[in-house]
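A.B. asks: Here's my sequence, what's the structure:
(one chain, ligands or ions: 1)
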Amino acid sequence: MRPNKIFIIALLIVSISTAMAQNRVTAYSYLMPMPASLQYKEGGLKVTSAFAVGIKGHNDERLRAAVDRMLNRLEMRTTLATSRKPPADAASAALVIECGGPGKTIPALDEDESYSLDVSGSQAVLKAATVVGAMRGLETFLQLLDGSKDGFVIQAVSIQDKPRFPWRGLMIDIARRWQPMEVIKRNLDGMAAVKLNVLHLHITDDQGFRIESKLYPKLHQMGSDGNYYTQAQMKEIIEYARMRGIRVYPEFDTPGHTTSWFVGHPELASKVGPYEIERGWGVYQPVMDPSNEAVYQLLDGFFGEMAALFPDPYLHIGGDEVEGKDWDANQNLQNFIIQKGLKDKEGLHAYYNQRLLKIVQKHGKKMIGWDEIFHPNLPKDIVIHSWRGPKSLAEAAKKGFTGILSNGYYIDLMQPTSEHYLNDPVPENTTLNEAEQKLILGGEATIWAEWTSPETIDSRIWPRTAAIAERFWSPRNVRDVADMYQRLPVISVQLEDLGLLHKKNPEAMLRRWIGTPFGGADFIVDRLRTLISLVEPVKGYRRGSMQKATQFTPMTRMVDIAQADSAAARQFASEVETIIKADSLKNGVAASLKGVIAEWVSIPSTIIGIDIQKPNIIAEALPLAGDLIQTGMIAQEAIAWLEAQKTPSAEWVTEQLSRLDEAAKPKAAVELMIVKPVRELVIAAADQSRRASMSADEWLKYVKTKAAPQKTPR
Ligand code: ACM
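C.D. replies: Here you go, the predicted model:
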């Protein structure tokens, strides 16, 4: 054993230092978001325990706190303890910050977030007009930290940076399922690390009213099961965000999505109560009664309270998914529509929004709402928040309205990072002119909470949101997917330094799954980890048709451990492409892939052999273990046909494709992500006689097209 181990360690050291040396030579830094302008220079600034930060020009508590947080992370990553004392001569420090001024006291949409960063072998100089600009630069500085043969260094660079969009947000749904303070705080840290600057809290919905109202305490007392933020706690969140240069603004979704309001105040609804907090998911009918003056009185009081609590100028009134069946069924409201000349229920909704607008404005706020609130009579300083798509956003912009995009950034839908990354609020082929383009302020990633617990939320937000943050910050032409995927895992690990649990929690959940130590538990956890690394939760809204859940359902099943965008499956797909494009599989071209597959097909027997009393859990893993062995063996056979340069029989091909169709069907609400590339191997084996007449790229395209399933299997 011993010599073997030493040999492996030596090999590891050689390959790690080779990778590091390559980084230095090619000067590739794992930055996300990429700066607007970046030039690499020779060498780098050594980081030793003498490292110190000097602040020249403006210096305040927010800036010093940001420097302290940066030093905490720098020390963690380097294992160095720095002195932490500001140097006597600020200009001689390893990192000199030249800050022009405090910027806005409360982070604002027009905050100057630009900065420049020059790093040479002797010093780093960070210049910014505002404290928030300096904070953005400090995040870049930390991302430039890397190991080298000579110890830790900050890569030498010259960076000029500023954001593409001023509104770069994350929306967290705290209404459907409760998310406590620590979840919000650690995610604010993650946001700051990737230069996001807006936290949108979706505070009320059918399933919960999550803020204390001193004027109308029945709202939170009866609408939240006791899970709400006191005003003091919300102030703490707002201050925590302010210290990181992040705006916080609230959404109170009305007139629909309001069941939780009606538990304490049934008189506001369009249908006679009583009401109970909604526990399930969907579009529900309870809706405010726009003909009732008591509705506007309560909203006036409540919005007044909230306007005082949240310093941000924007207040989101929701406005989405109003089907209005309770309006149709209410004769008083039908009369009201006629009396006011409102035409129909869309007119009634518009009337309600006009009334709300006056209340929002009275309390000094600007209104923001989902696409449905759009009406040409609204003032031009409202913001249209588009969940329906870029088209509705563009239509609003053409009429002179500002907007932000969330369609395409619904991270709860478990889509791959690349799809979100390539989704652009103002795409290259936009039909908007220059002036209209400026009306698109940016976008927000949205984490809706139907399938999200405090334990799983981080892994649903990160790391994919880092790539979305790059879309909002970096120039439009930064859109190389392969390059993004090279940087993302590095940033993902760094995000853990901030206390984010997107990598830790799935591991803990996996251990919980298998449970108390017994013979071989670690071995089984290892095998299950590999199996789960090859699956992804079903995408879009499919999970809702496969599993029933309420806001109390534990989110601790296999699908909750599984992550969107399987890196292992992506790697496999890429290796399969290489093999398909190869002229021949002689000389062990497929050796590494065969090794990987051999490991996979050995997993199921371990899992099938598990002898523990956890019936639900093993029942979830078993069919997938079966699919894995089946799929792996088909891949092995297809590679064997390709290696032998022999064409399999038509029957063999038909049979394997039909087995793969079965394996492609989701089980336990997860999908095995290696099925598609294995289909490609089968097609490549079946049609290999055509290979010679095509270029490698044509051949790959041919195989991929033919292997693509005709329809999504259900
Ligand atoms: C929404 O997804 N209904 C805003």
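
A.B. asks: and the gap between Gly595 and Leu534?
C.D. replies: When C-beta to C-beta, to the nearest Å is applied, the distance between Gly595 and Leu534 equals 15 Å. From N, CA and C alone the C-beta is placed, and that goes for glycine too.

A.B. asks: surely Thr140 meets Ser37?
C.D. replies: No: Thr140 sits out of contact with Ser37 when judged by C-beta atoms under 8 Å, with a separation of 11.9 Å.

A.B. asks: okay, and the common contacts of those two?
C.D. replies: Both Thr140 and Ser37 are contacted by Ile159, Asp161, under the criterion C-beta atoms under 8 Å, 6 or more residues apart in numbering.

A.B. asks: which of those two has more neighbours?
C.D. replies: When neighbours are counted by other C-beta atoms under 10 Å, Thr140 comes out ahead of the other of Thr140 and Ser37, with 23 against 12.

A.B. asks: need the contact list for that one.
C.D. replies: Thr140 is in contact with Leu31, Pro35, Tyr115, Leu117, Ile159, Asp161, counting by C-beta under 8 Å, 6+ apart.

A.B. asks: Just the ones in strands from the residues you listed, please.
C.D. replies: When the contacts of Thr140 are checked against strands (DSSP state E), the matches are Tyr115, Leu117, Ile159, Asp161.

A.B. asks: quick one: which of those residues is nearest the ligand?
C.D. replies: Asp161 (31.8 Å; C-beta to the nearest ligand atom).

A.B. asks: do you know how far the nearest residue to the closest one once chain neighbours are set aside is from Lys162?
C.D. replies: Closest residue to Asp161 apart from its sequence neighbours, by C-beta to C-beta, 6 or more residues apart in numbering: Pro35 at 4.0 Å. Relative to Lys162, Pro35 is positioned 9 Å away (C-beta to C-beta).

A.B. asks: what's the answer for Tyr296, then?
C.D. replies: As for Tyr296, its distance to Lys162 is 42 Å (criterion: C-beta to C-beta).

A.B. asks: who's more crowded, Pro35 and Lys162?
C.D. replies: Here Pro35 and Lys162 are set side by side on neighbour count (other C-beta under 10 Å), and the busier one is Pro35, at 25 against 15.

A.B. asks: ok, so what distance separates the closest residue to Arg244 other than its chain neighbours from the ligand?
C.D. replies: The spatially closest residue to Arg244, leaving aside those adjacent along the chain, is Ala192, at 4.0 Å (C-beta to C-beta, 6+ apart). Distance from Ala192 to the ligand, counting by C-beta to the nearest ligand atom, to the nearest Å: 25 Å.

A.B. asks: can you check Met222 too?
C.D. replies: In this view, Met222 and the ligand are 24 Å apart by C-beta to the nearest ligand atom.

A.B. asks: my guess is that residue contacts Gly264, does it?
C.D. replies: Yes: with the criterion set as C-beta under 8 Å, Met222 and Gly264 qualify as a contacting pair; they are 3.7 Å apart.

A.B. asks: Indicate the residue of the stretch 51-200 of the chain located nearest to the ligand.
C.D. replies: Counting by C-beta to the nearest ligand atom, the stretch 51-200 of the chain gets nearest to the ligand through Met171 (9.0 Å).

A.B. asks: That residue belongs to a helix, doesn't it?
C.D. replies: No: secondary structure of Met171 (DSSP: H, G, I helix; E, B strand; the rest coil): strand, not part of a helix.
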